[in-house]
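J.: got a predicted model here, sequence first, then my questions.
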Amino acid sequence: MRTVRLAGELRSAIEARRLVEDELGPAGAGEETMLHTQLVVTELVTNAARHAQTPVDLTISTGVGRVRIEARDGSAATPTPPPVDTPTRHRGVHLIEDLSDGWGVEAEDAGKVVWCELTSRGLTR
């Protein structure tokens, strides 16, 4: 498990994708898991940068056959994904929902955590 603090900026998504490579490559993740996880962390970090505008603590943990991603920021929790109301807005949350086996939003004292889990046949640790 590894946690990094990212700036609340859109360009932080690049660092988040690198973290996925650093964590999942040595753990034996396959190409599909790597790509799906990179898409999910990109959306989580982008959403936090765009809406919370606070630093994001990104945690990636692996276990046999699973990846868990948590993005903590300093904004209030939203319990359900917003509706897709334009061709480009709110699609990220729906992408997270489609690519993960489970996801959620939890309120914390200083903000919220958005988490999701993905399965992978390739992960060995």
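T.: Looks like it arrived, so ask away.
J.: just give me the neighbour total for Leu6.
T.: Number of residues near Leu6 (other Cβ atoms under 10 Å) recorded here: 22. For glycine as for every other residue, the C-beta is placed from the backbone atoms N, C-alpha and C.
J.: ignore the last one, Glu43
T.: For Glu43, the neighbour count with other Cβ under 10 Å is 22.
J.: in this structure it contacts Asp98, no?
T.: No - the criterion here is Cβ atoms under 8 Å, and Glu43 misses it with Asp98 at 10.7 Å.
J.: so where is the protein shaky, pLDDT-wise?
T.: Where the chain drops to pLDDT under 70, the residues are 77-90, 125.
J.: do you know how far the residue most central in space within it is from Arg72?
T.: Nearest residue to the geometric centre of the chain (Cα atoms, centre = their mean): Val41, 3.4 Å. In this structure, Val41 and Arg72 are 13 Å apart, going by Cβ to Cβ, to the nearest Å.
J.: helix, strand, or coil at Ala71?
T.: Here Ala71 is strand, with the state taken from DSSP: H, G, I helix; E, B strand; the rest coil.
J.: and the gap between it and Arg91?
T.: Distance, Ala71 to Arg91, using Cβ to Cβ: 17 Å.
J.: between those two, who's got more neighbours?
T.: Applying other Cβ under 10 Å to Ala71 and Arg91 shows that Ala71 carries more neighbours, namely 25 against 14.
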